[in-house]
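>>> have a look; sequence and predicted model below, questions after that.
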Amino acid sequence: MRATMAYGTRNGESLTAVRIERRDLRPTDVAIEITYCGVCHSDLHALREHGRSGPADLLVPGHEFVGTVSAIGAAVRTFAIGDPVAVGNIVDSCGTCDMCRRGQENFCEEFPTTTYGGQDRRDGTTTLGGYSRDTVVDERFVYHRPEHLEAASVAPLMCAGITVWEPLRQWNIGRGSSVGVAGLGGLGHLAVKLARALGATVTVFTTSPRKAEDARALGAAEVIVSTDTEALSAVRNHFDLVIDTISAPHAVEPYLSTVALDGALCLVGHLGETNVDVLSLLIGRKSLTSAGSGGHFHTQELLDFCGEHGITADVEVLPSREVNVALGRLARNDVRYRFVLDMADLDRA
């Protein structure tokens, strides 16, 4: 086994530095020295739920991280020691179901193995995430990272970025397309950047007029305050795709009304129940859809596209010892737009 330091908890309370063990390299494994790890809302949710029903396994969050290959298994052919790499929120899948064969491992019919809180398909152990100095991942779920991009700012692409990239590609967004983005947080700001780089005209919906300047700086052509009914009416049946990144429960009809004929509203923020009048879909043959994470093809495609266009997340980098500060501020939405932990100080923990 390979010992390393990480931040974990057994009761869902504050994370503390702990020594953990990573598995010995299997033939197709890649060992990675983690340099930066993003802090996602999913980490908050996992921590809130962990340990509620009694004693629990150690939880080490973190599922969007970058680093450098430090060792490879005997059968690895796509990576070499020293390669810059990135890992997202999936570290394994069955590899044989229809979804996996189509390159959509994120929808694996046997459910993908998540980067943390999942169950290793070989030995049954609980997976431990990227709030750590080192990790071991099968090469199928390790991605080549554009070395010229700032490493810390690449980390959120592996969760927030790919989550909005797949619907942009699925709905063939490109030059001449019109895209709406609801919410301007970790997912939303990347949706704006990526849609604009694909050639679309982007409009941001926000509840805060103060975000208008930021939205335009990110590439939005227009900003609409979502409580302004006249402004919403002006863009009725207008957008080819609206990506809704709002994490709190909310009515979706106002955004659905802005979708054009044969367009779609994609919900990627709040993933709970929602109510929709089917007539809102019928008139205009509109689609209500969702997306989550990404398969291997689209994930590497995203990284290559970002490398070509110089796209990264807007981040605030904190030393990893301030992980609980980052989580507390994230819970208060006090971040613009993504926290990233610098894992180097774990060497001294």
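Yep, it's here.
>>> just the element for Val323, please.
helix 323-331 (DSSP states H and E).
>>> ditto for Leu190
With DSSP H and E as the criterion, Leu190 is inside helix 186-197.
>>> which elements pack onto that helix?
helix 160-170, strand 178-182, strand 201-206, helix 212-218, strand 239-244, helix 296-309 (3 or more C-beta pairs under 8 Å, 6 or more residues apart in numbering; DSSP states H and E). (C-beta placed from N, C-alpha, C; glycine too.)
>>> tabulate these (CSV), appending mean neighbour count, mean pLDDT and distance to Ala86.
CSV is the format used below for the helices and strands packed on helix 186-197 (neighbours: other C-beta atoms under 10 Å; pLDDT from 0 to 100; distance: least, C-beta to C-beta, whole Å):
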stretch, mean neighbour count, mean pLDDT, distance to Ala86
helix 160-170, 24, 97, 10
strand 178-182, 27, 98, 23
strand 201-206, 25, 98, 25
helix 212-218, 17, 96, 22
strand 239-244, 26, 98, 22
helix 296-309, 18, 98, 7
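>>> for Leu279, which of these is the nearest?
strand 239-244 (17.9 Å; C-beta to C-beta).
>>> just the buried residues of the helix or strand just after that closest one, please?
With elements assigned by DSSP H and E, the helix or strand that comes after strand 239-244 is helix 253-256. Buried residues in helix 253-256, counted by 16 or more other C-beta atoms under 10 Å: Tyr255, Leu256.
>>> check stretch 10-29 too.
For stretch 10-29, by 16+ other C-beta under 10 Å, it's Leu15, Ala17, Val18, Ile20, Arg22, Leu25, Thr28, Asp29.
>>> part of a strand, is Leu288?
Yes. Under DSSP: H, G, I helix; E, B strand; the rest coil, Leu288 sits within a strand.
>>> surely it touches Leu267?
Yes. The criterion here is C-beta atoms under 8 Å, and Leu288 meets it with Leu267 at 7.3 Å.
>>> can you give me the helices in the stretch 1-150 of the chain?
Assigned by DSSP state H, counting those that start in this stretch, the stretch 1-150 of the chain shows helices spanning 41-49, 98-101.
>>> any stretches of the stretch 1-150 of the chain with poor pLDDT?
53-55 (pLDDT under 70).
>>> quick one: the strands in it?
2-8, 16-22, 29-39, 65-72, 84-87, 90-92, 113-114, 134-138, 143-144 (DSSP state E, counting those that start in this stretch).
>>> can you tell me the centre-most residue of the protein?
Cys159 (1.5 Å; C-alpha atoms, centre = their mean).
>>> please work out how many residues are found near the closest residue to that residue other than its chain neighbours.
Using C-beta to C-beta, 6 or more residues apart in numbering and skipping residues adjacent in sequence, the residue nearest Cys159 is Glu64, 3.9 Å away. Number of residues near Glu64 (other C-beta atoms under 10 Å) recorded here: 31.
>>> looks like Glu64 contacts Thr163 (just checking).
No. Glu64 is beyond contact range of Thr163, at 10.1 Å (criterion: C-beta under 8 Å).
>>> please report phi then psi for the nearest residue to Arg122 once chain neighbours are set aside.
Closest residue to Arg122 apart from its sequence neighbours, by C-beta to C-beta, 6+ apart: Arg26 at 7.5 Å. Main-chain torsions, Arg26, degrees, to the nearest 10: phi -80, psi 170.
>>> surely Arg26 touches Asp120?
No. Judged on C-beta under 8 Å, Arg26 makes no contact with Asp120 at a distance of 10.4 Å.
>>> quick one: contacts for Val315?
Val315 makes contact with Gly38, Ala152, Ser153, Ala155, Pro156, Tyr337, Arg338, Phe339, Val340, according to C-beta atoms under 8 Å, 6 or more residues apart in numbering.
>>> what pLDDT does it get?
The predicted local distance difference test score for Val315 is 98.
>>> any idea whether Glu230 is helix, strand or coil?
Going by three-state DSSP: Glu230 is helix.
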